[in-house]
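S.K.: I would like the atomic coordinates for the input below:
(4 chains)
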Number of protein chains: 2
Amino acid sequence: MIRTNKELFNYITNLVLSGSDHSFSEHHFAPSQEILIEGKKVFSVYIMKSGMVKCYLTTDTGNNFIQEFFGEGELFGEIELMDDSFSYCTIKAIDMVSVYKIQKSDFLQLLDQDKKFNRLFIGALISKLKYKATRHSYNQSHTIEEKLMRLKMKFPDLEKVISKQDIADYLGITLRALNRTIKAMSAI
Amino acid sequence: MIRTNKELFNYITNLVLSGSDHSFSEHHFAPSQEILIEGKKVFSVYIMKSGMVKCYLTTDTGNNFIQEFFGEGELFGEIELMDDSFSYCTIKAIDMVSVYKIQKSDFLQLLDQDKKFNRLFIGALISKLKYKATRHSYNQSHTIEEKLMRLKMKFPDLEKVISKQDIADYLGITLRALNRTIKAMSAI
DNA sequence: TACGGCGTAGGACAAATGTCCTTTATGTTG
DNA sequence: CAACATAAAGGACATTTGTCCTACGCCGTA
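M.R.: Okay, here's the model as predicted:
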């Protein structure tokens, strides 16, 4: 649910701190500020330095569907940038957020010239792919109660950090159904 | 639903036919033969030459969940190979299938030495990611009827190629629900 | 031929989930 | 302070989907 990428984070941090690469700039966002907006052109790739964002899209039915929550080291904007399309989701800061930003041309250059970075990037894509695949299959074959239990197992203080509505949007259910399940579970 | 990758297909075909690369071998499978098996170690990456396979996993609830159907140019095995894990899904031939196969070490070497291939591979991952993201959100915010209509729009002769059970598994619903919806739609 | 397996189709009922609406608490802003 | 938006909680009812079961036709094989 809250995705991170320690290896990538360390590598980028080193690049920036060692001064060997000047294509990264640092940016800050306050809670509920939007970093990328659905439907708008993307010119850079972003890597999370600290804080947490939610990555979600609004479907044609008006529902919000949360793809993932990103923490330290996760990157976003890469999909839109690589296939030259508009952002298919919105990235919104949940708490105070710092990101590293790198322009398209610099990013592509880095990808070509830095084999280690190239491999880390591929690893990041693979990790996202795997995560999405298992998440989707899990979602469609388990009850709300099972999904909630699994979440709580991994993130015990989930409800303190993420709003109920966001949890519901993440699970692809209504807030009503979430409340109902929480109550049923607490009754045990 | 039926994924292909023309660019990758053309590139690999050229590599093989021009004789400039000898790391690819060709293999054939009969309908319902399994090419990769869930839980087993993966040693190679595969690229579809012709035919169609289904990529699915069996959940702990005993359901089959179909990730995707692969046609010409799609590759599989890359996730397991890159992060050194066991196959998380089974790849089964639906009709007569031909694939190109490349061993792990050769694949990694190609990735390092052939920039064009590297970029095509990244493009393939990005395309899968995007597909999975939109598919999951669409699935969870639309009715069975809407999902079916969308499928039929894209693949008019869907039911002739893929069994009802497979369509149900792909949509994450039961066969009963699928039949019910088809009947309701035909009544209009 | 007779049987079993499999894909297709659908009836009847149960369970899960959505929709709509009301209430309460809390924090923000004019 | 009053007015207002927002999050949380849950009642009542409708709809959707799953579960279980039965039936039929097709095909391969003992």
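
S.K.: ok, and does stretch A:122-141 reach over to chain B?
M.R.: Yes: using CB under 8 Å from any CB of the partner chain, a contact is recorded between stretch A:122-141 and chain B, made by A:122-123, A:125-130, A:132-141. Where you see a C-beta, it was placed from the backbone N, CA and C, and this is true even at glycine.

S.K.: could you list the buried residues of that stretch?
M.R.: Of the residues in stretch A:122-141, A:122, A:124-130, A:132-141 count as buried by neighbour count, 16 or more other CB atoms under 10 Å in any protein chain shown.

S.K.: which members of those occur in helices, if any?
M.R.: Within the buried residues of stretch A:122-141, residues falling in helices by DSSP state H are A:122, A:124-130, A:132-141.

S.K.: how close does the residue of chain A found nearest DNA strand C get to DNA strand D?
M.R.: Nearest to DNA strand C, among the residues of chain A, is residue A:177, at 3.0 Å (CB to the nearest atom of the strand). Taking CB to the nearest atom of the strand, to the nearest Å as the measure, residue A:177 falls 9 Å from DNA strand D.

S.K.: which residues touch that residue?
M.R.: Contact partners of residue A:177, counting by CB atoms under 8 Å, 6 or more residues apart in numbering or on different chains, are A:144, A:168.

S.K.: quick one: which helix or strand includes it?
M.R.: Element membership of residue A:177, judged by DSSP states H and E, is helix A:175-186.

S.K.: same deal with residue A:146?
M.R.: helix A:144-154.

S.K.: would you mark the buried spots in the following helix or strand past that helix?
M.R.: Using DSSP H and E, the helix or strand that directly follows helix A:144-154 along the chain is helix A:158-161. Using 16+ other CB under 10 Å as the test for burial, helix A:158-161 gives residue A:158.

S.K.: show me what the mean pLDDT comes to for helix A:158-161.
M.R.: Helix A:158-161 carries an average pLDDT of 84.

S.K.: C-terminal to that helix, what's the next element?
M.R.: Sequence-wise, the next helix or strand downstream of helix A:158-161 (DSSP H and E) is helix A:164-171.

S.K.: what about that following helix, distance to the chain center?
M.R.: Taking CA atoms, centre = their mean, to the nearest Å, one finds helix A:164-171 lying 14 Å from the centre of the chain it belongs to.

S.K.: can you pull the alpha-carbon coordinates of it into PDB?
M.R.: Coordinates of each C-alpha in helix A:164-171 appear next as PDB, following Å, rounded to 0.1, in the frame of the first residue of the first chain:
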ATOM      1  CA  LYS A 164     -11.300   6.400   5.800                       C
ATOM      2  CA  GLN A 165     -12.400   7.700   2.400                       C
ATOM      3  CA  ASP A 166      -8.900   7.200   1.100                       C
ATOM      4  CA  ILE A 167      -8.800   3.600   2.500                       C
ATOM      5  CA  ALA A 168     -12.100   3.000   0.800                       C
ATOM      6  CA  ASP A 169     -10.900   4.400  -2.500                       C
ATOM      7  CA  TYR A 170      -7.800   2.300  -2.300                       C
ATOM      8  CA  LEU A 171      -9.800  -0.800  -1.700                       C
END
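
S.K.: beta-bridge partners for the residue nearest the centre of chain A, please?
M.R.: With distances taken as CA atoms, centre = their mean, residue A:70 lies nearest the centre of chain A, 3.2 Å away. Per DSSP bridges, the residues bridged to residue A:70 are residue A:3, residue A:53.

S.K.: distance of it from residue A:13?
M.R.: When distance is defined by CB to CB, to the nearest Å, residue A:70 is 16 Å away from residue A:13.

S.K.: and the lowest-mean-pLDDT helix or strand in chain A with DNA strand C, contact?
M.R.: Ranked by mean pLDDT, DSSP states H and E, the weakest helix or strand in chain A is helix A:158-161, scoring a mean of 84. No: against DNA strand C, helix A:158-161 shows no contacts by CB under 7 Å from any atom of the strand, the least distance being 14.2 Å.

S.K.: what's in contact with that helix?
M.R.: The contact list for helix A:158-161 (CB under 8 Å, 6+ apart) reads A:1, A:52, A:94, A:151, A:152, A:155, A:167.

S.K.: max pairwise distance over those: which two?
M.R.: The span of those, defined through CB to CB, is set by A:94 and A:152 at 18.5 Å.

S.K.: so which residues on chain A come close to DNA strand C?
M.R.: Near DNA strand C, when you scan chain A using CB under 7 Å from any atom of the strand, you find A:143, A:144, A:145, A:172, A:173, A:174, A:176, A:177, A:180, A:181.

S.K.: just the pLDDT at the last one, thanks.
M.R.: Read that as residue A:181. Reading off the model, residue A:181 has pLDDT 94.

S.K.: now it, nearest residue through space, not along the chain?
M.R.: Spatial nearest neighbour of residue A:181, excluding adjacent residues (CB to CB, 6 or more residues apart in numbering or on different chains): residue A:144 at 4.6 Å.
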